[in-house]
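S.K.: Quick one, what's the 3D model for this:
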Amino acid sequence: MPRLSIRTHLVLDALSALTFVGAGILMRREPARDRALLVGLGLAELACVALSDDKPDSQGPMTPNW
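M.R.: Now for the predicted structure:
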């Protein structure tokens, strides 16, 4: 089964986050509360992407880091 690289996964996460932000900005007829939620979710996801390490763990998959 093909697997995504970590870098590819992070790019897809960033695109998803930008979609949330864009939707929140463009949906002008929706309540401000709903739009703010979409933008907030997108920004939170972008923060997670920015804080992620794009290098795989040397210990192998599914191995706890503790």
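
S.K.: Next one: the residue lying farthest from the centre of the chain from residue 48, what distance?
M.R.: No residue in the chain sits farther from the centre than residue 29, which is 25.3 Å out by CA atoms, centre = their mean. According to CB to CB, to the nearest Å, residue 29 stands 29 Å off from residue 48. Every C-beta, even on glycine, is put in place using the N, C-alpha and C of the backbone.

S.K.: try residue 26
M.R.: Taken as CB to CB, the span from residue 26 to residue 48 is 23 Å.

S.K.: so what's residue 18 up against?
M.R.: 42, 46 (CB atoms under 8 Å, 6 or more residues apart in numbering).

S.K.: Checking residue 2 next. Helix, strand or coil?
M.R.: coil (DSSP: H, G, I helix; E, B strand; the rest coil).

S.K.: burial measure for it, as a count.
M.R.: 3 (other CB atoms under 10 Å).

S.K.: Residue 49 touches residue 12, doesn't it?
M.R.: No: with contacts counted by CB atoms under 8 Å, residue 49 stays clear of residue 12, the gap being 9.6 Å.

S.K.: Of these two, which one has the most company?
M.R.: residue 49 (18 against 12).

S.K.: Could you measure from the more buried one over to residue 30?
M.R.: Counting by CB to CB - residue 49 and residue 30 are separated by 25 Å.

S.K.: Also residue 51?
M.R.: Applying CB to CB to residue 51 and residue 30 gives a distance of 29 Å.

S.K.: the more surrounded of the two?
M.R.: Using other CB under 10 Å, the more surrounded residue of residue 51 and residue 30 is residue 30, with 13 against 7.
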